[in-house]
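Student: sequence first, predicted coordinates after that:
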Amino acid sequence: MERIIDWNAYIEQWSRATAHLQSIQSYHVKGNPAPNLSELKLEASTGFFFILTRGEIEIRMSYKIYRCRAPYIFHGGADNNMSFGVPNDNQEWDGYLVLYTAASASSEDQGNLALSYGFTPNAMLPIQEKCEAMERHWNSNELLDRLQAQSLFLPMVYEVLSQKLQTLAQPEYTKTNIVTEAIKYIKANYMESITAEKLAGRYDCSTSYLSRLFRNQIGLGPIEYLIHERVHRAKQLLLKSDARIQDIATKVGYADVYYFSRLFKKHTGRSPLQFRAEYQQAAQVQNNPLHGLESSIVSPPFDSHNENESYYQLSEEGDTSMFRFSRPAFGAMMVLCTSLILSACQASNSTGGAAAAQEPASQTATATKSDSAAAETRVYKHLKGETAIPVYPQRVVSFFHLGELIALGVKPVGTTTYVLDNPHISDKTGITDIGIPPDAEKILSLQPDLIVTTPALAEIVEGGYDALSKIAPTIVIEQNNEPIKDIEMFGDILGKQEEAKQWNEKFTAKIAEYKAKISPYVRADETFSILNVRPDALFVYGDTNMGGNIIYKYLGLKPAAKVESDVIHGETWEVSSEVIPEFIGDRLFLAVNKGAEDKLKDVQKLVDASPAGKSGHVYSIDFDQFLPSDPIAVEKQLDIITDLIIGDGK
């Protein structure tokens, strides 16, 4: 449908153009005709976005018909000679037609703005919300509302082009990282009313599923992260302005100034006024060598907790006891200066790095040496592009993949709080807790030569990937939760390819050995389930962790039908007591959290009446031991699961 477009040039042309919203119309129809562009008599400078939010529609262009299924976005101009239609008279569909005019200084820019293209966005709801707001303001009789509609048009264009770039940057088989997108949404809209339900609705999933993803990827629930972002923004406003506390509270999303003040003090140890006063006092003496510097912006880490997939129950932020901040230290303002100095030092000491960064991706295995031959670098391709990294990094900060590094004999100098809680890693000496969200100041003090992060964890650092890259070469990689795949990837990153090959061969052989061991004790048609009982909730696990990857993926055991359809291939996570029998198979692995004794009593009869309960095939496992899914944890979990099955058979 579209010709090859230089998207960077196209975006630049949009940035130079003068664009105005002309009209916006929504369609919620069944059997009615689609928009007729010829009847609209568009001017030469008019362009349009057609945003299909539900159903199917046909786009006729150059004697060809393209059938598009929602979600879909199409852009065109007055001279594109196209029309819309519906596949059949009973077709139901919803959408928006947004007309605009754009004027550019050059005729080339003017022509390029009318280019036609269409694509399926990763997330339609952010665009749909902007369209809804635009239409609401546009149809108002108030002049200010019309002005507001105009102001919403370019943000909608930005969202459309941003999502187009996302679809180009990722392979077709790659799913959108919901957590990363939700973090971006929170950062942009922290002042709005945000609930767990609203966030989940944006990404068409349940609140428990979204919370699971957040906990698994950043160690915090979505509302906990929202609170962190609001408190951080409030700190910035307190330090950078003389605004009233009431105004700051409103700005960060709290209508009740007293509630905001209590929340702020609970999370920082000081009231907003005390916080501002202490910073002003510190600023007066910061040049005095007899006084130490004290931070006001960088927050200390959240308290450690190991239930990194527990469901945060509150719809909105609550007065939770998990936030216990110690007194912060000054330095946030120094991070940028120091990182720039450090970057300059790295540039002068590793001249090969800059040269390597410009080499093509096909030469990623090539090492370049600096003039002093003090360091070797190579170009590594990752989710954020290509970065010159050490061939053999010595001081690694890894935000998530602690077990992978330890398995290959590399101890990182720093990692995040909830990853450091891994009970299967005994020797943690020399590993600094960089907090959660990660503290840029701590990372800087460790003088890393490589930072490895996941997309979501990179996003929650203030300044994101760019800030981390100023500290040290930074790569962003997927959180696979697949030991064999992750070991191979880190063997490449760390220059330990041979060690990775040996580990994977040994692990693969162990899997084969253990499958043979349990074979006499398990019938081919037997089904397995994993149930987690918590004080206030029940969770069914799939094939990612809590032993699910071992049971279903590696040992090849059969999940209960409901587990396979609703959990492994669906988005079910939290379940009610009433449906528990539907998820329990012939054998059940049961993890009961501390304090969940009363909850267990509620479901014990259901468990006893299940096939697993009647046959006595219910195995107790430790939640903390089975939550991680790194290579070290998985090896130990494999031993436990095999012993339970064989021991039960005997």
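Tutor: Noted; the coordinates are in hand.

Student: what residues of stretch 489-501 count as buried?
Tutor: Buried positions in stretch 489-501, judged by neighbour count with 16 or more other C-beta atoms under 10 Å: M489, F490, G491, I493, L494, G495, K496, E499, A500. The way it works is simple: take the backbone N, C-alpha and C, and place the C-beta from them, glycine included.

Student: same check, this time on stretch 475-486
Tutor: Within stretch 475-486, the residues that count as buried by 16+ other C-beta under 10 Å are I475, V476, I477, Q479, N481, E482, P483, I484, D486.

Student: stretch 381-399 too?
Tutor: By 16+ other C-beta under 10 Å, the buried positions in stretch 381-399 come out as 382-384, 386-391, 393, 396-399.

Student: please identify which pair of these lies farthest apart.
Tutor: Maximum pairwise distance among those (C-beta to C-beta): 21.6 Å, between V391 and F399.

Student: for this structure, where's the lowest mean pLDDT among helices and strands?
Tutor: Each helix and strand of the chain was given a mean pLDDT (mean pLDDT, DSSP states H and E); the minimum falls on helix 351-357 at a mean of 37.

Student: who's in contact with G201?
Tutor: By C-beta atoms under 8 Å, 6 or more residues apart in numbering, the residues touching G201 are L125.

Student: can you tell me the element it falls in?
Tutor: Using DSSP states H and E, G201 sits in helix 196-202.

Student: how about P628?
Tutor: Going by DSSP H and E, P628 is not in any helix or strand.

Student: you'd agree it is up against G403?
Tutor: Yes: assessed by C-beta atoms under 8 Å, P628 is found in contact with G403 at 6.7 Å.

Student: shared neighbours, these two?
Tutor: N422, H424.

Student: so for stretch 262-280, what gets flagged as buried?
Tutor: Buried residues in stretch 262-280, counted by 16+ other C-beta under 10 Å: L263, F264, K266, H267, T268, R270, P272, F275, R276, E278, Y279.

Student: ok, stretch 527-536 next?
Tutor: The neighbour-count check on stretch 527-536 (16+ other C-beta under 10 Å) flags T527, F528, S529, I530, L531, N532, V533, R534 as buried.

Student: where in the chain is pLDDT low?
Tutor: 1-3, 29-45, 61-63, 78-82, 86-91, 105, 109-111, 169-176, 283-375, 648-650 (pLDDT under 70).

Student: does anything pack onto the lengthiest helix in it? Which helices or strands?
Tutor: Identified as the longest helix of the chain according to DSSP state H is helix 143-169. Secondary-structure packing of helix 143-169 (3 or more C-beta pairs under 8 Å, 6 or more residues apart in numbering; DSSP states H and E): helix 7-16, strand 18-30, strand 46-54, strand 72-77, strand 92-103, strand 117-119, helix 125-138.

Student: and the angle for that helix with strand 46-54?
Tutor: Angle of helix 143-169 versus strand 46-54, following axes from the mean of the first three to the mean of the last three C-alpha atoms, to 10 degrees, is 70 degrees.

Student: how far off centre is helix 143-169?
Tutor: From the chain centre to the centre of helix 143-169 is a distance of 22 Å (C-alpha atoms, centre = their mean, to the nearest Å).

Student: flag every buried residue along whichever helix or strand comes after it.
Tutor: For helix 143-169, the following helix or strand on the C-terminal side (DSSP H and E) is helix 178-189. Neighbour counts over helix 178-189 (16+ other C-beta under 10 Å) mark I178, V179, T180, E181, A182, I183, Y185, I186, K187, N189 as buried.

Student: tell me who's in contact with the first one.
Tutor: Going back to what we said before, that points to I178. By C-beta under 8 Å, 6+ apart, the residues touching I178 are Y203, C205, L210, L213.

Student: equivalent analysis for the third one, please.
Tutor: Shown in contact with T180 (C-beta under 8 Å, 6+ apart): P455, A456, E459.

Student: mind doing that once more with 10 Å?
Tutor: L213, Q217, I218, L383, T454, P455, A456, L457, A458, E459, I460, V476 (C-beta atoms under 10 Å, 6 or more residues apart in numbering).

Student: same check on the fifth one?
Tutor: Residues touching A182, when contacts are defined by C-beta under 10 Å, 6+ apart, comprise 123, 194, 199-200, 202-203, 210, 213-214, 222, 225-226, 456, 459.

Student: need phi/psi at the closest residue in space to L538 that isn't next to it in sequence.
Tutor: The shortest distance from L538 to any non-neighbouring residue, by C-beta to C-beta, 6 or more residues apart in numbering, is to V575 (5.4 Å). Dihedral angles of V575 (phi, psi; degrees, to the nearest 10) stand at phi -130, psi 160.
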